[in-house]
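Asks: Quick one, structure for this:
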Amino acid sequence: MSGRTGGKPRILHLHSTFSAGGKELRTVRLINAFGAKAAHAIVSAEPERMEAARYIARQVAVGYPRDFPTLQGKPTPGRLQRLARAMRGYDLVLTYNWGAMNAVLAHTVFKDVFALPPLIHHEDGFNEDERERLKSTRNWFRKIALGRSNGLVVPSETLERIALEVWEQPIGRVKHIPNGIDTRAFARRPKPDALRGVIKRKGEFWVGTLAGLRPVKNLPRLVRAFRGLPDDWHLVIVGEGPERDAIRAEADEYDIGHRVHLPGFAPDPARYVGLFDIFALSSDSEQFPISVVEAMAAGLPVAAPAVGDLAAMVADANAPLIGPAGDEAALTGNLARLAGDAALRADVGQANRAKAREAFDEKPMIATYRRLYSSALGGKGLG
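Replies: Residues are numbered from 1 along each chain as shown. You can find the predicted model right below:
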C-alpha cells in the first residue's frame, strides 16, 4: 500500500464501533470538513456496526478495508504483529476507545520495526462494565499501550484528569478538545412531523432524549421519573439498542405506554430536537454528551444527573436542575419543576442556547483537530 494518494495523506481510523453515535458522527463531521484534502480508511471492531458511514460526504475519498485484522481478541504477539503490519503505508492512524486498544499496543510495540506512522488515540468514555469503577487491568493496559502515541484526545475534564492521574500520561500528550456542533442549525423551529413515526399534537408537551438504548443509559429510570407528569406530557426516546423491551416494559408497568414513544434512531437531530420542551438524561455514566450540547443549542432546559462534565456544561441558570448522580428522586423532582413552569423552561433554555453558541460551536473544535492532525502529519495535508 502506498502512502499518499494523489498527494493526499492517507488516514486510517480504527473504531470500537462505527455506529451512528456521538464519537462516530464527530469523526464524520471532521472527515467531511477536511473534504478532498485527505483519503480515509475506516475499520470497526464490530464490522456489522457501520451506520455512521452513510453520513460521509460523497466527494470524500473513503474505503473500508475488509482484510484488516480483527481489532478484537487477546493481544498475543502474533495478533499484535498482524495489526502493526496492517498499519504500514498510512500517514496517520487514529484510534478510538477501548475497542481499538489492541491496535494502540501493536503500534507501541512495533512502531520502529515496521516504521509505522504517528498514532493519535481518542477516549470518549466508558461502557456499563466500567460505569462504577475503572478496571485496574484496563488502566494498566492503557498506560502501557499509549506509551508511544503522539496524542491522547479527550472531550471532558473528567477524562483529562483520568488520563493524567490514572493512566499516567505526560501532560504534553493529553489534548482536551470539547465536542462541538453546528449550533446555528439547531435554531430552526422544526415541523410537528419532523420526527419519523411520532407527530407532536397541539397541546402536547414532550420530554425528550437522544441515547443508545443500552444499560449504561438507564432509560427505565427516566420512564419512572417521567411517570408522574400530567397526561399532556409525553416521553420521546430517540435511539436504538438492546434495552428497548426493558423500556417498554417499564412504561407498561406504570400504564403510561401510550405516552412513551420509541421511534428508533433518527439522523440529523437539528431537524427535530426543537420539538422537545425538556431534554432529559438518566445515565449512570457520561463524559461530554453531544446530545446535551444539541439540546442547549435548540434552547432547551436540561434535567439530568451530574455525571461526567454535565454540571459544568449547562448554563448557570440550568445548574440547579442537574441532580446528584444516581438520584432518581432528584431527577423526578426536576422534571416536575420544569413541566410545571413554562417561564422557567424558556429562561433556562435561552441561557443554554447562549452558552452553547459561545462555548460549543463546531468551528473551534474542527480548527483544533485540524491543527493536531496536521502537526502529526508534519504540518501538511489538511491545511
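
Asks: Run through the residues that contact residue 145.
Replies: In this structure, residue 145 makes contact with 101, 104-105, 108, judged by C-beta atoms under 8 Å, 6 or more residues apart in numbering. The C-beta positions use only the backbone N, C-alpha and C, and glycine is treated the same way.

Asks: Quick check: which element contains it?
Replies: In this assignment (DSSP states H and E), residue 145 forms part of helix 136-145.

Asks: Domain-wise, how is the chain divided?
Replies: 10-180+362-376, 183-359 (automatic domain parsing).

Asks: Same list (these) but as JSON lines, adding mean pLDDT.
Replies: JSON lines is the format used below for these (pLDDT from 0 to 100):
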{"stretch": "domain 10-180+362-376", "mean pLDDT": "93"}
{"stretch": "domain 183-359", "mean pLDDT": "95"}
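
Asks: re the thing from before, run the chain-centre distance for the helix or strand following the helix holding residue 145.
Replies: Where DSSP H and E defines the elements, the next helix or strand beyond helix 136-145 is strand 151-154. Averaging C-alpha positions (C-alpha atoms, centre = their mean, to the nearest Å) puts strand 151-154 15 Å from its chain's average.

Asks: Contacts for strand 151-154 next, please.
Replies: For strand 151-154, contacts defined as C-beta under 8 Å, 6+ apart pick out 120-124, 146, 160, 162-163, 167, 169, 173-177, 287, 369, 372, 376.

Asks: Now, these that are in helices?
Replies: 160, 162-163, 369, 372, 376 (DSSP state H).

Asks: Between those, which sits nearest residue 184?
Replies: Residue 184 lies nearest to residue 369 out of the ones in helices among the contacts of strand 151-154, by C-beta to C-beta, at 19.6 Å.

Asks: if you skip the residues just before and after it, what's nearest to residue 240?
Replies: Excluding its sequence neighbours, the residue lying closest to residue 240 (C-beta to C-beta, 6 or more residues apart in numbering) is residue 265, at 4.6 Å.

Asks: try residue 126
Replies: Residue 126 sits nearest to residue 285 (C-beta to C-beta, 6+ apart), 5.8 Å away.

Asks: Kindly provide the distance from the one you found to residue 305.
Replies: Distance, residue 285 to residue 305, using C-beta to C-beta, to the nearest Å: 10 Å.

Asks: if you count what's nearby, which of these two comes out ahead?
Replies: More crowded of residue 285 and residue 305, by other C-beta atoms under 10 Å: residue 305, with 26 against 18.

Asks: Could you check how far the more buried one is from residue 378?
Replies: For residue 305 relative to residue 378 (C-beta to C-beta), the value is 44 Å.

Asks: And for residue 352?
Replies: On the measure of C-beta to C-beta, residue 352 and residue 378 end up 41 Å apart.

Asks: When those two are compared, which one has more neighbours?
Replies: For residue 352 versus residue 378, neighbours defined as other C-beta under 10 Å are more numerous around residue 352 (26 against 11).

Asks: my guess is that one contacts residue 300, does it?
Replies: Yes. In this structure, residue 352 is within contact of residue 300 by C-beta atoms under 8 Å, at 6.6 Å.

Asks: now the longest helix along the chain, how far from the centre of its chain.
Replies: When the chain is parsed with DSSP H, its longest helix is helix 342-359. Mean-position distance between helix 342-359 and its chain equals 22 Å (C-alpha atoms, centre = their mean).

Asks: residues in contact with the closest residue to residue 43 other than its chain neighbours?
Replies: Nearest non-adjacent residue to residue 43, counting by C-beta to C-beta, 6+ apart: residue 68, 4.7 Å away. By C-beta under 8 Å, 6+ apart, the residues touching residue 68 are 41, 43, 86.

Asks: can you check residue 45 too?
Replies: Going by C-beta under 8 Å, 6+ apart, residue 45 touches 14-17, 70-72, 99-100.

Asks: could I get those residues as TSV with distance to residue 251?
Replies: Output for the contacts of residue 45, formatted as TSV (distance: C-beta to C-beta, whole Å):
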residue	distance to residue 251
14	38
15	33
16	30
17	27
70	38
71	37
72	35
99	32
100	36
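
Asks: in this structure, which spans are helices?
Replies: Under DSSP H, the chain gives helices at 22-34, 77-87, 101-110, 136-145, 157-165, 219-226, 244-253, 290-297, 310-313, 328-339, 342-359, 362-376.

Asks: got the buried residues for the helix holding residue 145?
Replies: Neighbour-count burial for helix 136-145, with 16 or more other C-beta atoms under 10 Å as criterion, is recorded at 138, 141-142, 145.

Asks: and if you look at stretch 262-281?
Replies: The neighbour-count check on stretch 262-281 (16+ other C-beta under 10 Å) flags 262, 265-266, 269-281 as buried.

Asks: so residue 14 bridges to which residues?
Replies: Following DSSP bridges, residue 14 is listed with bridge partners residue 43, residue 95.

Asks: ditto for residue 152
Replies: Here residue 152, judged by DSSP bridges, has bridge partners residue 121, residue 174.

Asks: Could you measure from it over to residue 11?
Replies: The value you get for residue 152 to residue 11, if C-beta to C-beta is used, is 17 Å.

Asks: same question, residue 169
Replies: Residue 169 is 22 Å from residue 11, by C-beta to C-beta.

Asks: Surely the residue nearest to residue 126 and residue 133 touch.
Replies: No. Distance between residue 285 and residue 133: 10.8 Å, which falls outside the contact criterion (C-beta under 8 Å).
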